[in-house]
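1. kindly generate the corresponding structure for this input.
(chains A and B)
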Protein chains: 2
Amino acid sequence: MSADYVHGYHEREAQRLQDQAATLVDLLHGDTSYPPGHRVLEAGCGVGAQTVALASRSPQAQFTSLDISEDSLAVAREAVARAGLDNVTLHRADILALPFAPGTFDHVFVCFVLEHLPQPAAVLRALRRVLKPGGTITVIEGDHGSTFFHPDSAAAQRAIRCLVDLQARAGGDALIGRSLFPLLTEAGFDAVRVSPRMVYADASRPGLVDGFTRKTFTAMVEGVRPAALEAGLMAADDFDRGIAALHRTTAAAGVFCYTFFKAVGIEPAA
Amino acid sequence: MSADYVHGYHEREAQRLQDQAATLVDLLHGDTSYPPGHRVLEAGCGVGAQTVALASRSPQAQFTSLDISEDSLAVAREAVARAGLDNVTLHRADILALPFAPGTFDHVFVCFVLEHLPQPAAVLRALRRVLKPGGTITVIEGDHGSTFFHPDSAAAQRAIRCLVDLQARAGGDALIGRSLFPLLTEAGFDAVRVSPRMVYADASRPGLVDGFTRKTFTAMVEGVRPAALEAGLMAADDFDRGIAALHRTTAAAGVFCYTFFKAVGIEPAA
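-> The predicted structure is shown next:
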């Protein structure tokens, strides 16, 4: 699988992902825990931001966390060690060529991964192969098209659209969150249930304003500035107006909304 | 206050509002109840869709429900009688000229009203006058800009935009949901807390697909077709493509998302 990851792999990005994870952990993972002894495959663990949240919530489950990037795995290994977790094994592997026998896992967990892959349906089918009948898959993805804010700004909307367009050019889909239900259903999972998780940030929630609106979302959009300008998607001053408008949503009278989607499905009995 | 209500007052609209209320009652009102003996002002009760939900949840509180339209009040009176409620008094009144002494009410409730009014800040200040110190205000509004769906459709987005533009021409704001926090805060309410309430509808939730996506939201957009065409906002075939695309989101692989916002604030102690 190509490593054409739109956000890049540099250190600031790793920090951004860690910040995001800390702020969003409860919203996204509060209702996920796995029974003692169960085997869980985390496919696409990246720098381990979700791995730590996941494995520390289910200390007696056994996690196998994979990523295609050795650099990300190195950061993930440190995060897992720092958290004192002994129930996580990290491996380099291609999500479309999983080195496991059929039915190896009781559960599969995929977070912020499908949005970057050109063939999410093929990935879901590959994951089904290593899942036991009756086992669960949990998929969490964002949806940049779910973003809206006050004060509204056409330039900010265009800057966000740059991120969507660049991700599409890299073979991904930054609007994938809204389509998890048909994706999992069409891949053959049973009893698919999707729940939206909106991050709503106003001045009464300063932690979310800082941790999510400013340091996660706006930083992410700002991060594609060079690529967006190089691709001619926006003029520099227009893009910068968009970023300034996103920062305005972090002021006392500002509001910012973004929705993640969490889907759970079941591998059919044979 | 002008009766330039974008949705019109005909019977089908009344039915649409009743359907909407039935589907959304728990999502919007499940966490609102008032203590025995407390006096609650419902400002802008319309056809009584929310009145019944509200008053039946707090049978020992006393509701005073107002609207500017005698036709709407007649429908509301029937709805209240049909529900067997004896704790609601209905009056015709202008929300900017409330016929009550200062501090008359323990609570104020406003639902789907501010979005239609040209001066929401003035309305909030008028409501503060009749609220006791320490009393609460609850405001619920939609936000048409929160809408997104799968499959996506530019024509559907344009058709929704017609509704937003027509509502703006009538002096309203169909994007008001996202700005409840600054609106209430700037009007002087204390401890304002906003919670988003997303309606997420896919094939696993057929009641919401039918009751909300089809019969509430798509019907509402369809309802402005004559006005949108007359105003030259969209060509007829483009508008109809948009409506067809909204109906496609109700198919087995479709998904529809819309967010309401509920704000609660407190009238400061004198």
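2. helix, strand, or coil at the residue nearest to residue A:107 when sequence neighbours are not counted?
-> Distance criterion C-beta to C-beta, 6 or more residues apart in numbering or on different chains; nearest residue to residue A:107, sequence neighbours excluded, is residue A:40 at 4.6 Å. (Glycine included, C-beta is placed from N, CA and C.) Assigned with DSSP: H, G, I helix; E, B strand; the rest coil, residue A:40 falls in the strand class.
3. check contacts around residue A:40.
-> A:34, A:54, A:58, A:61-64, A:105-109 (C-beta atoms under 8 Å, 6 or more residues apart in numbering or on different chains).
4. partners of it in the sheet?
-> Residues in a beta bridge with residue A:40, per DSSP bridges, are residue A:63, residue A:107.
5. and the helices in chain A?
-> A:11-29, A:49-57, A:70-82, A:120-129, A:154-169, A:180-186, A:206-208, A:219-223, A:225-230, A:236-248 (DSSP state H).
6. which bits of chain A sit near chain B?
-> A:143, A:145-146, A:148-150, A:152, A:175, A:178-179, A:181-182, A:185-186, A:192-196, A:198, A:200, A:202-204, A:252-255, A:257, A:259 (C-beta under 8 Å from any C-beta of the partner chain).
7. just for chain A, where's the confidence low?
-> A:1-23 (pLDDT under 70).
8. correct me, but residue A:130 touches residue A:107?
-> No - when contacts are counted by C-beta atoms under 8 Å, residue A:130 is not listed as touching residue A:107 (10.6 Å).
9. before we move on, back to that, for residue B:218, find the nearest of the helices of chain A.
-> Checking the helices of chain A against residue B:218 by C-beta to C-beta gives helix A:180-186 as the closest, at 18.5 Å.
10. what are the buried residues along that closest one?
-> A:180-185 (16 or more other C-beta atoms under 10 Å in any protein chain shown).
11. which strands or helices does that helix pack on?
-> In terms of contacts (3 or more C-beta pairs under 8 Å, 6 or more residues apart in numbering or on different chains; DSSP states H and E), helix A:180-186 is packed against helix A:120-129, strand A:131-141, strand A:190-202, strand A:255-266.
12. can you give the distance from that helix to the centre of its chain?
-> Its chain's C-alpha centre and that of helix A:180-186 lie 17 Å apart, by C-alpha atoms, centre = their mean, to the nearest Å.
13. quick one: contacts of it?
-> Residues outside helix A:180-186 that contact it (C-beta under 8 Å, 6+ apart): A:114, A:120-121, A:124, A:137, A:139, A:141, A:176, A:192, A:194, A:261, A:263, A:265, B:150, B:202-204, B:252-255.
14. pull the CA atoms of it into CSV?
-> Output of helix A:180-186 as CSV, limited to C-alpha atoms (Å, rounded to 0.1, in the frame of the first residue of the first chain):
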residue,chain,number,x,y,z
LEU,A,180,-19.4,4.1,7.0
PHE,A,181,-22.9,2.5,7.1
PRO,A,182,-23.0,1.6,3.4
LEU,A,183,-19.3,0.7,3.3
LEU,A,184,-19.5,-1.8,6.1
THR,A,185,-22.9,-3.2,5.1
GLU,A,186,-21.7,-3.7,1.5
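15. quick one on the thing from earlier: among the contacts of helix A:180-186, which ones are buried?
-> For these, buried by 16+ other C-beta under 10 Å: A:114, A:120, A:124, A:137, A:139, A:141, A:176, A:192, A:194, A:261, A:263, A:265, B:150, B:202-203, B:253-255.
16. how about the contacts made by the closest residue to residue A:162 other than its chain neighbours?
-> Among residues not flanking residue A:162 along the chain, residue A:228 sits closest, at 3.8 Å (C-beta to C-beta, 6+ apart). If you count contacts by C-beta under 8 Å, 6+ apart, residue A:228 has them with A:159, A:162-163, A:166, A:234, A:239.
17. where does residue A:228 sit relative to residue A:169, distance-wise?
-> Residue A:228 is 11 Å from residue A:169, where distance means C-beta to C-beta, to the nearest Å.
18. same check, this time on residue A:99
-> In this view, residue A:99 and residue A:169 are 30 Å apart by C-beta to C-beta.
19. same check on residue A:237?
-> Per C-beta to C-beta, residue A:237 is found 23 Å from residue A:169.
20. higher neighbour count, those two?
-> Per other C-beta atoms under 10 Å in any protein chain shown, whichever of residue A:237 and residue A:169 has more neighbours is residue A:169, with 13 against 9.
21. returning to that earlier point: let's see if you can find the most crowded of the contacts of residue A:228.
-> residue A:159 (27 neighbours).
22. for it, which non-adjacent residue is closest in space?
-> Nearest-residue entry for residue A:159: residue A:242, 3.1 Å, with adjacent residues in sequence omitted and distances by C-beta to C-beta, 6+ apart.
23. now swap in residue A:25 and tell me
-> residue A:53 (4.6 Å).
24. burial of that neighbour, as a residue count?
-> Number of residues near residue A:53 (other C-beta under 10 Å) recorded here: 20.
25. pretty sure it contacts residue A:30?
-> No - applying C-beta under 8 Å, one finds residue A:53 not in contact with residue A:30, separated by 9.4 Å.
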